[in-house]
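# sequence and predicted structure are below.
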Amino acid sequence: MTNKLLAVGAVLALGACGSQDHTETKMRQAIDNAAQFNQVCLPHALNVEHRSGSEGNALIGAPQIKLLKRQENGKRANPEAVKQMERLVRAGLYDEEKEEKGEAPANGKETPRYLVYSLTDLGKEKIRLGHHGALLCVGTAKVEKINYFTEPTPARGYTLSQVNYTAKIVPEKWSKGLLKDNPAFRQEVERSATLVKTNDGWRDIRELHY
């Protein structure tokens, strides 16, 4: 009798474990399927230098960016910013336009010239402007591990579960070279999601209102 009880207990334990694994797998799929809500956007600024009083515009995400081409002493200006913009051009976020001349200085020195770049439709999609500068949306957060989830509970007519998970950044191809030295690009991140049970399985609740 004891052996039978032990056997039944082992079967129930295995069943519960298997059920939890199945639930976690479905939750992982639901979170990853809602990729449009799991974009990873990192701060990104141009390393720029301009002549005093120049009109250069260097905010990533601006419809047009102007970078001073040469300093008053004839040295090439903005080498790092130009490299950054070249990567953004290759990524399709900006187009390179014709150079422009600035206003002739009153002191008779050489008229400044500017490299000009214009924001593309893809750039408008991938760059977000905030109070503290530009955020470059470089990829999505993909679930590495479900840390824990709450017992599915009825609320406001839905069956909901709060999920905490560890994710890694899956970069878009164009962003790898641009942000290869950014430590945040390589870190795992902890995130949370609210999932709702539907007739088609678990879904991110934001999908219902998208």
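The structure has been received and is ready for your questions. Residues are numbered from 1 along each chain as shown.

# from Pro105, how far off is the residue lying closest to Arg113 once chain neighbours are set aside?
Among residues not flanking Arg113 along the chain, Lys69 sits closest, at 4.5 Å (C-beta to C-beta, 6 or more residues apart in numbering). Glycine gets a C-beta too; all of them are placed from N, C-alpha and C. In this view, Lys69 and Pro105 are 15 Å apart by C-beta to C-beta, to the nearest Å.

# so for these two, which residue has more residues nearby?
It is Lys69, of Lys69 and Pro105, that has more neighbours when counted by other C-beta atoms under 10 Å, with 17 against 14.

# could you pull up phi and psi at the more buried one?
Dihedral pair for Lys69: phi -80, psi -40, per degrees, to the nearest 10.

# tell me how far it lies from Leu195.
For Lys69 relative to Leu195 (C-beta to C-beta), the value is 52 Å.

# and if you look at Gly102?
Gly102 sits 55 Å away from Leu195, going by C-beta to C-beta.

# those two: which is more packed in?
Per other C-beta under 10 Å, whichever of Gly102 and Leu195 has more neighbours is Leu195, with 25 against 18.

# what residues are up against the more buried one?
Applying C-beta atoms under 8 Å, 6 or more residues apart in numbering to Leu195 gives the contacts Met27, Ala30, Ile31, Phe149, Leu160, Ser161, Val163, Trp202, Arg203, Asp204, Ile205.

# can you tell me the SS state at it?
strand (DSSP: H, G, I helix; E, B strand; the rest coil).

# beta partners for it?
Ser161, Asp204 (DSSP bridges).

# what is the neighbour count of Ala104?
11.

# can you give me the pLDDT of it?
At Ala104, the model reports a pLDDT of 75.

# now swap in Gly133 and tell me
Turning to Gly133, the model gives it a pLDDT of 79.
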